[in-house]
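*Asks:* Give me a 3D structure for the following:
(one chain, ligands or ions: 2)
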Amino acid sequence: MAQINSFKDLVAILFAEQLLPAGISIPANVAPIPGGVGNSLIAALLAAPCAVCQAVLDEPLTGCVCQTCWASIRPITPPICDACGDPLPRQPQSLIPNRQSLGQSPIPSPQSPISGLCAQCVRHRPAIERARTIGEYDGVLRDVIHALKYDGRRSLARRLAALMRARGADLLEEADCVVPVPLHWRREYSRGFNQARELACHLGLPVVDALVRRRHTRAQVELAADRRRANVAGAFRLRRGWPREPNIRGIRVLLIDDVSTTGATLESCARALHGCGASEVFALTAARVVSRRLGHF
Ligand SMILES: [Zn+2]
Ligand SMILES: [Zn+2]
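*Replies:* Ligands and ions are numbered 1, 2, ... in the order given. Below is the predicted model of the structure:
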C-alpha cells in the first residue's frame, strides 16, 4: 500500500484509484491521517465498490479491486506449449516432444513439466520464441483488464504486472528490454493511455517504445479468426526520428500486451522487430484467448 503521511497523500490515492464520487470536494487544510486509519475511514465514508464484483471494498486504499477477486484469478499451469504458452492436454502420449523434452521422464510433475509444442505451433512455428501469460481471457481476469482499459483504472496495471512478473520470470530474466505493443495514435489519444505501456512500466526492465502502429486496424476480437492475421500484417514498423531511432540490433526483446487473441498482433510486431535485427523476441501478456485452440489436438 502507498505511504500516507498527510491528507494530501490520501486524496492523491483516492483520485488515482477513482474512489472519489464525482463532484466531491476535499477541504485543503485538514490534519494528517495515519495510514492505518485511512482504509477504515474511507471504507466507511465512501463505501467504494470493487471495480469487478461491486462488493464494498474493505481496504479501498490498496486498490479498486477486492482481494477476493484477485485471489480468484486462475493462472494457466503446466503443461504448457513451449512456444505460445497455451495449456497442453495432460495425456503424455498426446504431447509432441521438442528438442529439450527428448530424453526427459514422460511423467509430468509441477517441478518438471513436460515441455512440448501444441499442434498449432507445430504446423506454424511463431516468430515469437516463447510467449507466456497470466491466464485465460475470461472471468475476473477479463473484467480486471476491461476496468484498466475501458474504465481508465490505470492503477490496476501495477498489480496485473506483478502477476505477469511471476508467470514470465524466465522471460524477464533473459530479455534486455520490454517493448509495449503500440496503439494507433488516434486510439491512444481517445483512450488517454496505452494499457500495454502501463503494464510494461512495472516489469523492472527498460521500456523501449520501439514500434509504431501505422494503420488504424480494427480490434482483433471483432474479426473472424482467418481475417485477424491479414488485419495486422505489416501494421507495425520501427519508430523513426526524434529523439533518436531505437537500436534493437542484437537485442533480446520482450513484447508486452494486455490480451493476445490469436497471437497475430504479437506475430506482426515480432516480424517488424526481427526485420530490424532483434536477436530474439519473446512475449508476455496479461491474458490469452486459448479455449478454441485446444480443439486442434
Ligand atoms: Zn471484487
Ligand atoms: Zn503453441
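*Asks:* the helices in this structure, which residues?
*Replies:* Counting by DSSP state H, the chain has helices at residues 7-16, 35-46, 67-71, 119-123, 139-150, 156-167, 169-174, 185-191, 195-200, 225-232, 264-275.
*Asks:* Please name the residues that touch the closest residue to residue 234 other than its chain neighbours.
*Replies:* Leaving aside its chain neighbours, residue 234 sits nearest to residue 268 (7.1 Å; criterion: Cβ to Cβ, 6 or more residues apart in numbering). (Glycine included, C-beta is placed from N, CA and C.) Contacts for residue 268 (Cβ atoms under 8 Å, 6 or more residues apart in numbering) come out as 232-236.
*Asks:* Equivalent analysis for residue 172, please.
*Replies:* So residue 172 contacts 165, 203-205, 254, 284 (Cβ under 8 Å, 6+ apart).
*Asks:* now stretch 153-171: how far from the chain's centre is it?
*Replies:* Taking Cα atoms, centre = their mean, to the nearest Å, one finds the center of stretch 153-171 at 7 Å from the center of the full chain.
*Asks:* what does it rub up against?
*Replies:* By Cβ under 8 Å, 6+ apart, the residues outside stretch 153-171 that reach it are 16-18, 51, 63-65, 70, 73, 75-76, 130, 132-134, 144-145, 147-148, 172, 193, 195, 198-204, 254, 256, 282, 284-286.
*Asks:* Distance check, residue 124 against residue 191.
*Replies:* Counting by Cβ to Cβ, to the nearest Å, the separation of residue 124 from residue 191 is 32 Å.
*Asks:* Please apply the same query to residue 122.
*Replies:* For residue 122, the distance to residue 191 equals 37 Å [Cβ to Cβ].
*Asks:* cool, residue 60 as well?
*Replies:* Relative to residue 191, and taking Cβ to Cβ, residue 60 is found at 25 Å.
*Asks:* Counting neighbours, go ahead and name the busier of these two.
*Replies:* residue 60 (25 against 13; other Cβ atoms under 10 Å).
*Asks:* Tell me if I'm right that that one and residue 48 touch.
*Replies:* Yes. If you go by Cβ atoms under 8 Å, residue 60 and residue 48 touch, sitting 4.6 Å apart.
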